[in-house]
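>>> output the structure for:
(4 chains)
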4 protein chains.
Amino acid sequence: MEKDSEFIKNENVPGPTKEEIRCLVVCKSKVSKNDDVVDIGCGTGGITVEMAKRAKNLIAIDKSPKAIETTLKNLKKFKLEDKVKLIENDALNALKNINSIDIAIIGGSGNDLEEIIETIDKKINKNGRIIVTAILLETKVQAISKLKKLGYTTEFIEVNIAKGQNIQRGTIIFGQNPIAIITAVK
Amino acid sequence: MEKDSEFIKNENVPGPTKEEIRCLVVCKSKVSKNDDVVDIGCGTGGITVEMAKRAKNLIAIDKSPKAIETTLKNLKKFKLEDKVKLIENDALNALKNINSIDIAIIGGSGNDLEEIIETIDKKINKNGRIIVTAILLETKVQAISKLKKLGYTTEFIEVNIAKGQNIQRGTIIFGQNPIAIITAVK
Amino acid sequence: MEKDSEFIKNENVPGPTKEEIRCLVVCKSKVSKNDDVVDIGCGTGGITVEMAKRAKNLIAIDKSPKAIETTLKNLKKFKLEDKVKLIENDALNALKNINSIDIAIIGGSGNDLEEIIETIDKKINKNGRIIVTAILLETKVQAISKLKKLGYTTEFIEVNIAKGQNIQRGTIIFGQNPIAIITAVK
Amino acid sequence: MEKDSEFIKNENVPGPTKEEIRCLVVCKSKVSKNDDVVDIGCGTGGITVEMAKRAKNLIAIDKSPKAIETTLKNLKKFKLEDKVKLIENDALNALKNINSIDIAIIGGSGNDLEEIIETIDKKINKNGRIIVTAILLETKVQAISKLKKLGYTTEFIEVNIAKGQNIQRGTIIFGQNPIAIITAVK
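Residues are numbered from 1 along each chain as shown, chains lettered A, B, ... in the order given. Got it, this is the predicted structure:
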């Protein structure tokens, strides 16, 4: 897993998703060399980079031009740009032209989470997995509720990581924001 | 419990201790109108204010002039300055002239934690309580170890609070830094 | 705050609410000797006992006979039974005959959370406070959403407490289940 | 990552290490097909299985015969027994005959943590990594302190995972015990 500090950042783009969360998303996704991955709301490209390393190929979507630009910079830094198609558009429009999905990661969904999940559900391959990362309380409930209605088995984890920083007198512990990871399989 | 935002702050002084931690410290201390309290490393005065409201009287100690100044401002804001004696000195020197302690709160101890605990132990009244709040990993272990050696029964809790913030799209959850509260009674 | 181990328990009744959560609920409620308190879903009586100590009087409601029985035992143990009226009924029925509420604590709400909040809202006194403790993800969102619609200012905290246990080799840390505390004022 | 429920358990053996912790340990270890791994205090074999899948080969050590037996059962279940050598002995004795270590995972160390780290330090290959998982407060500090003294750069994370469980009324959230993961490289 790349260190958070390795990513090129843009002050107007959220992310990168913290190392430990990227690690857990990769694990939960069970990504392999056979998987077509869609990364919705790619932001800085933290998840994009990690999934691109491990997948067959990846489509990263963000409606923000600065996010697409930043993700591209990071893909180039890690020499992964050949494996990734970037789409600067909102998720629902971008999904129209995507036909094979083994894994969908939803990190940003604007107000369209339910429709995005419905659209993915129609296109997802057998044994596909949907992963939603959520920092809003309402998104957590909405994701679980929608995925259950569509017949998915869901797993919900809430992750609180605190990180030590060495100072002269010892190890001071800093909290990170809690993030939920919802994993759905049919 | 006063809101965090009610306290006057100084950029060079840590604190105030977050509302929920102040609340737990007050509970664990079992402070009452009969108690003489010593607050070591008072910083902004968050704990000082809450304990002063509930105790017989309180002595607040900090070696930083800016901390003493900020604590005084907050005591005045909450009209508690008459109940509190402020000492600008390091804890070991300040403790020399203190003879009655029912509750000692140790929020900052420089490198003197063990000696501070030993000194308090010699002066503490029957049924007294020592509370250590710790953000350094090493302080947690040192406090428990020293207090046990001196015959105290200790309780250790690690507190992780995350707080919601209303944004247009819902409730975003922000983590706070974890803090340990060690409570010791003999 | 009473220790968790001080409460009489019944294997069919949830609770008592852990000491640290009781402490935070008491703080957030700003309970005083002038307050009429309603405790909905009193369970073992953990919150009931703490609020009864500090309020003018308290009505505790639970539809489970065993919960009412256990709460009564605990009130007697702490000599608080004279201050508390116990109602064995579902919350909506019980609330019909209650006319003064300064503080409502909702710890258990069956499937009626929204209606319970609406009913309390009609009866609550000026400067009243509603506190919801929630362990279900859906309850957290429902409480915030309903309270906001009724014009309340809400505060949301998620509390993770871990507790040390002394074993021969050191201090082993056990996690508790996370609980949200939603505090609403108008 | 295998599900926790996939592992064969023995009531006298701790573990398996929870899925999310196994996932983070694998990430932090940066294990690859070139790595010789030593797993100290293998317990149920949770970490052993995950590391064995990804390493060149692995030596698992535990002084408890039941732990070795349980780990072997799990290795057989996942068809990994050919890649793993099991040693039923205390760590210091077992390490005497081990000469190549790229990654050492220390999950259980009895009272010998410092000596174990010293011994590993003498044998570890260039670019090797030491990972300590700790549930005791004292182990966390001891590991960081010893590793720093030996010249390692350490990273400390404290992991709190809470897991949702679907019940009829929604998603109830259960906390897990916090675990620290200390990662050291030279």
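>>> show me the helices in chain A, by range?
Listed in chain order, the helices of chain A (DSSP state H) span A:19-29, A:46-54, A:65-77, A:91-95, A:113-123, A:137-149.
>>> so which of those gets nearest chain B?
helix A:137-149 (3.6 Å; CB to the nearest CB). For every residue, glycine as well, the C-beta is placed using N, CA and C.
>>> on that earlier part again, wait, which of the helices of chain A is closest to chain C?
Of those, nearest to chain C by CB to the nearest CB is helix A:137-149, at 4.7 Å.
>>> how about the CA coordinates for the closest one, as PDB?
Once non-C-alpha atoms are left out, helix A:137-149 reads as follows in PDB (Å, rounded to 0.1, in the frame of the first residue of the first chain):
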ATOM      1  CA  LEU A 137     -24.200   9.000   8.600                       C
ATOM      2  CA  GLU A 138     -27.100   9.200   6.100                       C
ATOM      3  CA  THR A 139     -25.000   7.600   3.300                       C
ATOM      4  CA  LYS A 140     -24.300   4.600   5.500                       C
ATOM      5  CA  VAL A 141     -28.000   3.900   6.000                       C
ATOM      6  CA  GLN A 142     -29.000   4.700   2.400                       C
ATOM      7  CA  ALA A 143     -26.400   2.300   1.000                       C
ATOM      8  CA  ILE A 144     -27.300  -0.600   3.300                       C
ATOM      9  CA  SER A 145     -31.000  -0.100   2.700                       C
ATOM     10  CA  LYS A 146     -30.700   0.200  -1.100                       C
ATOM     11  CA  LEU A 147     -28.400  -2.800  -1.400                       C
ATOM     12  CA  LYS A 148     -30.600  -5.000   0.800                       C
ATOM     13  CA  LYS A 149     -33.600  -4.100  -1.300                       C
END
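>>> which non-adjacent residue is nearest residue A:14?
residue A:43 (4.9 Å; CB to CB, 6 or more residues apart in numbering or on different chains).
>>> helices and strands around the longest strand anywhere in chain A, which ones?
When chain A is scanned for its longest strand (criterion: DSSP state E), the result is strand A:153-167. Other helices and strands packing on strand A:153-167, by 3 or more CB pairs under 8 Å, 6 or more residues apart in numbering or on different chains; DSSP states H and E, are helix A:19-29, helix A:137-149, strand A:170-175, strand A:179-185, strand B:153-167, strand D:153-167, strand D:170-175.
>>> rebuild those as CSV, extending it with mean pLDDT and mean neighbour count.
What follows is the helices and strands packed on strand A:153-167, written out as CSV (pLDDT from 0 to 100; neighbours: other CB atoms under 10 Å in any protein chain shown):
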stretch, mean pLDDT, mean neighbour count
helix A:19-29, 98, 23
helix A:137-149, 97, 21
strand A:170-175, 95, 20
strand A:179-185, 98, 23
strand B:153-167, 96, 19
strand D:153-167, 96, 19
strand D:170-175, 95, 20
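>>> could those be laid out in CSV, adding distance to residue B:25?
Below are the helices and strands packed on strand A:153-167 laid out as CSV (distance: least, CB to CB, whole Å):
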stretch, distance to residue B:25
helix A:19-29, 30
helix A:137-149, 28
strand A:170-175, 18
strand A:179-185, 29
strand B:153-167, 10
strand D:153-167, 21
strand D:170-175, 22
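>>> for residue B:115, find the nearest of the ones you listed.
With CB to CB as the measure, strand A:170-175 is the member of those nearest residue B:115 (16.8 Å).
>>> does the closest one come close to chain D?
Yes. With CB under 8 Å from any CB of the partner chain as the measure, strand A:170-175 is seen reaching chain D through A:171, A:173.
>>> contact partners of that strand?
With contacts defined as CB atoms under 8 Å, 6 or more residues apart in numbering or on different chains, strand A:170-175 is touched by A:160, A:162-165, B:135-139, B:160, B:162, B:175-178, D:141, D:144, D:156, D:158.
>>> now stretch A:61-72
Contacts of stretch A:61-72 (CB under 8 Å, 6+ apart): A:8-10, A:12-13, A:38-45, A:48, A:60, A:81, A:86-91, A:94-95, A:108, A:110.
>>> now the helices of chain A as JSON lines including distance to residue D:171?
Putting the helices of chain A into JSON lines (distance: least, CB to CB, whole Å) gives the following:
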{"stretch": "helix A:19-29", "distance to residue D:171": "17"}
{"stretch": "helix A:46-54", "distance to residue D:171": "24"}
{"stretch": "helix A:65-77", "distance to residue D:171": "30"}
{"stretch": "helix A:91-95", "distance to residue D:171": "25"}
{"stretch": "helix A:113-123", "distance to residue D:171": "16"}
{"stretch": "helix A:137-149", "distance to residue D:171": "6"}
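>>> those: which one's closest to residue B:18?
helix A:137-149 (20.0 Å).
>>> just want the angle from that closest one to strand C:153-167.
When axes from the mean of the first three to the mean of the last three CA atoms, to 10 degrees is applied, the directions of helix A:137-149 and strand C:153-167 differ by 80 degrees.
>>> other SSEs contacting helix A:137-149?
For helix A:137-149, the elements it packs on are helix A:113-123, strand A:124-134, strand A:153-167, strand A:179-185, strand B:170-175, helix C:137-149, judged by 3+ CB pairs under 8 Å, 6+ apart.
>>> per-residue confidence at residue A:178?
pLDDT, residue A:178: 97.
>>> that one reaches residue C:158, doesn't it?
Yes. Between residue A:178 and residue C:158 there is a contact at 7.0 Å, judged by CB atoms under 8 Å.
>>> identify the contacts common to these two.
Overlap of the contact sets of residue A:178 and residue C:158 (by CB under 8 Å, 6+ apart) consists of B:162, B:173.
>>> between its first and last residues, how far does stretch A:144-164 reach?
32 Å (CA to CA, to the nearest Å).
>>> for stretch A:11-23, that is, sorry about that
24 Å.
>>> which residues does that stretch contact?
For stretch A:11-23, the external contacting residues (CB under 8 Å, 6+ apart) are A:1-4, A:7, A:9, A:25, A:43-47, A:50, A:64, A:66-67, A:70, A:74, A:107-108, A:133, A:159, A:161, A:176, A:179, A:181, D:23-24, D:27, D:157, D:159.
>>> from residue D:153, how far off is the closest residue to residue A:4 other than its chain neighbours?
Closest residue to residue A:4 apart from its sequence neighbours, by CB to CB, 6+ apart: residue A:19 at 5.4 Å. According to CB to CB, to the nearest Å, residue A:19 and residue D:153 sit 15 Å apart.
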